[in-house]
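*Asks:* take this sequence and fold it.
(one chain, ligands or ions: 1)
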Amino acid sequence: MAQHGDSNTASGTAVKVSRAPESPGTGVVQSDIPQNPGFPPHNPRMTDLDPNKEKRAERQVAILFFLSIIGSIFALAAYIAYPIIPGDFGSIRTNNLLLGLGITLGLLGIGLGAVHWAKQLMREDESVELRHGTRGTPETREKAVEVFELGNAESGFGRRTLIRNSMIGALVLTPVPAIALFRDLAPMADPVKLLQHTMWKKGTRLTHDPTGIPIKASDVTLGSAFHVIPEGLLQRTDMLEQKAKAAVLLMRLLPQDLHVTKGRETWNYNGIIAYSKICTHVGCPVALYEQDTHHLLCPCHQSQFDITHEAKVIFGPARRPLPQLPITVDSEGYLVAQSDFHEPVGPDFWERET
Ligand code: FES
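*Replies:* Here you go, the predicted structure:
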């Protein structure tokens with residue numbers, strides 16, 4: 001059976017409140033019920049009493065929103081005028097500093113403007129709405145519209161066009177530097193083309209990683225494995241980006257141990273084979289070679305590739321074999337590439353066809 005007791009609402013009106021029957025452990029000691037202190041009395045602000053001060057506060061709010069606009073435009077202009085030059089740490093510092101200053105001003109202007117507006121110009125009255133069903137009655141909904149219109153009238157959102165428009169301008173421009181920043185995460189060139197090709201091409205010598213010393217076919221003994229980079233890689237300014245795609249593992253097996261499919265008969269040189277070192281799962285370097293089983297192992301998620309069967313996946317989450325680099329030797333006996341890989345290296349990506 002429900003009991004009834006008195007309780008004060010936030011607005012100070014006494015209403016009847018239903019209570020569940022008290023039981024051991026859940027009963028509430030009546031004297032512990034916190035009393036609602038209500039709202040403090042309203043003290044008129046200077047802007048409530050003096051129209052000049054109200055006007056001045058309005059201008060201050062607009063100035064803060066305009067500062068936000070200037071900050072956002074400044075960030076965008078700085079991003080374009082002071083680009084990051086690869087390898088130049090001074091340009092990175094300048095770009096980040098100016099971009100950060102612009103974005104800070106953009107966000108600070110909006111924040112301070114909104115707070116100043118609320119504190120100085122918006123009505124301070126607080127209202128309490130008692131809980132009710134999720135969907136209100138028609139009267140309640142009418143009331144909601146009324147409250148909305150009242151809020152609009154009190155905040156001056158519709159009337160104070162200077163503030164409203166400057167705030168909208170500030171809000172629209174604030175995300176613009178973020179768009180530029182996110183675009184900067186991708187390279188300027190078409191990323192699909194960049195991912196489809198490496199710097200290997202016909203005649204590029206295979207060299208030791210990291211020394212860059214060319215490798216002769218006679219250096220590659222049975223059972224050995226070499227970490228390989230293309231000749232000329234060390235001289236490139238985008239060395240790391242290129243190495244992330246072009247790194248290769250070189251091994252030698254007995255030619256009769258290789259199971260070669262049609263069209264690939266000439267891709268190895270007397271049992272010397274070269275495979276991409278970039279795992280086709282998520283791109284870790286496949287750096288472990290097990291000489292007895294002829295397996296390559298990726299240490300990240302344990303994918304295993306069988307190099308006697310063109311690096312097909314025999315275990316783990318990788319879905320494709322490691323791409324093979326067709327190789328041969330030049331007139332001096334150095335190992336060279338016959339071409340680039342015949343398919344993109346590394347994990348899947350959008351617009352990949354093979
Ligand atoms: S990256 Fe090689 S198995 Fe996951």
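*Asks:* kindly report the residues of the stretch 201-350 of the chain close to the ligand.
*Replies:* Residues of the stretch 201-350 of the chain lying close to the ligand (CB under 6 Å from any ligand atom) are 279, 281-282, 284, 298, 300-301, 303, 316-318. Using the backbone N, CA and C atoms, a C-beta is placed for each residue, glycine as well.
*Asks:* residues contacting residue 348?
*Replies:* For residue 348, the contact set (CB atoms under 8 Å, 6 or more residues apart in numbering) comprises 280, 319-320.
*Asks:* residue 341 contacts residue 199, correct?
*Replies:* No. In this structure, residue 341 is not within contact of residue 199 by CB atoms under 8 Å, at 10.8 Å.
*Asks:* all strands in the stretch 201-350 of the chain, in order from the N-terminus.
*Replies:* With DSSP state E, counting those that start in this stretch as the criterion, the stretch 201-350 of the chain has strands at 206-208, 225-230, 248-252, 272-276, 288-290, 295-297, 304-306, 312-315, 327-329, 335-337.
*Asks:* need those in JSON lines (columns: mean neighbour count and mean pLDDT).
*Replies:* Below are the strands of the stretch 201-350 of the chain laid out as JSON lines (neighbours: other CB atoms under 10 Å; pLDDT from 0 to 100):
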{"stretch": "strand 206-208", "mean neighbour count": "21", "mean pLDDT": "97"}
{"stretch": "strand 225-230", "mean neighbour count": "20", "mean pLDDT": "96"}
{"stretch": "strand 248-252", "mean neighbour count": "23", "mean pLDDT": "96"}
{"stretch": "strand 272-276", "mean neighbour count": "25", "mean pLDDT": "97"}
{"stretch": "strand 288-290", "mean neighbour count": "15", "mean pLDDT": "92"}
{"stretch": "strand 295-297", "mean neighbour count": "20", "mean pLDDT": "95"}
{"stretch": "strand 304-306", "mean neighbour count": "21", "mean pLDDT": "96"}
{"stretch": "strand 312-315", "mean neighbour count": "16", "mean pLDDT": "95"}
{"stretch": "strand 327-329", "mean neighbour count": "19", "mean pLDDT": "96"}
{"stretch": "strand 335-337", "mean neighbour count": "24", "mean pLDDT": "97"}
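*Asks:* closest to residue 135 out of the ones you listed?
*Replies:* Each of these has some distance to residue 135 by CB to CB; the shortest is strand 312-315, at 56.3 Å.
*Asks:* show me what contacts residue 183?
*Replies:* No contacts exist for residue 183 under CB under 8 Å, 6+ apart.
*Asks:* count of neighbours near residue 136?
*Replies:* 12 (other CB atoms under 10 Å).
*Asks:* an error on my part: the question was meant for residue 57.
*Replies:* Neighbour count of residue 57, defined by other CB under 10 Å: 20.
*Asks:* next: residue 200.
*Replies:* Neighbours of residue 200 using other CB under 10 Å come to 26.
*Asks:* make CSV from the strands of the stretch 201-350 of the chain and add distance to residue 128 to it.
*Replies:* Below are the strands of the stretch 201-350 of the chain laid out as CSV (distance: least, CB to CB, whole Å):
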stretch, distance to residue 128
strand 206-208, 77
strand 225-230, 71
strand 248-252, 71
strand 272-276, 67
strand 288-290, 68
strand 295-297, 67
strand 304-306, 67
strand 312-315, 65
strand 327-329, 80
strand 335-337, 77
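*Asks:* closest to residue 334 out of the contacts of residue 348?
*Replies:* For the contacts of residue 348, with residue 334 as the reference and CB to CB as the criterion, the closest is residue 280, at 28.3 Å.
*Asks:* and the closest one, backbone torsions?
*Replies:* phi -80, psi 0 (degrees, to the nearest 10).
*Asks:* ok, residue 153 to the ligand distance?
*Replies:* Using CB to the nearest ligand atom, to the nearest Å, we find residue 153 at a distance of 61 Å from the ligand.
*Asks:* residue contacts, that residue?
*Replies:* Listed by CB under 8 Å, 6+ apart, the contact partners of residue 153 are residue 159.
*Asks:* what are the C-alpha coordinates of stretch 228-247, in PDB please?
*Replies:* Output of stretch 228-247 as PDB, limited to C-alpha atoms (Å, rounded to 0.1, in the frame of the first residue of the first chain):
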ATOM      1  CA  VAL A 228      67.000  -6.000 -49.400                       C
ATOM      2  CA  ILE A 229      66.300  -2.400 -50.500                       C
ATOM      3  CA  PRO A 230      66.400  -1.000 -54.100                       C
ATOM      4  CA  GLU A 231      69.500   0.800 -55.200                       C
ATOM      5  CA  GLY A 232      69.200   4.600 -54.800                       C
ATOM      6  CA  LEU A 233      66.700   4.400 -52.000                       C
ATOM      7  CA  LEU A 234      69.200   5.900 -49.400                       C
ATOM      8  CA  GLN A 235      69.500   9.000 -51.600                       C
ATOM      9  CA  ARG A 236      65.800   9.800 -51.700                       C
ATOM     10  CA  THR A 237      64.200  12.400 -49.600                       C
ATOM     11  CA  ASP A 238      61.100  10.200 -49.200                       C
ATOM     12  CA  MET A 239      63.300   7.200 -48.200                       C
ATOM     13  CA  LEU A 240      61.000   6.000 -45.400                       C
ATOM     14  CA  GLU A 241      57.800   6.100 -47.500                       C
ATOM     15  CA  GLN A 242      59.500   4.200 -50.300                       C
ATOM     16  CA  LYS A 243      61.200   1.700 -48.100                       C
ATOM     17  CA  ALA A 244      57.800   0.900 -46.500                       C
ATOM     18  CA  LYS A 245      56.600  -0.400 -49.900                       C
ATOM     19  CA  ALA A 246      59.800  -1.600 -51.500                       C
ATOM     20  CA  ALA A 247      61.500  -3.700 -48.800                       C
END
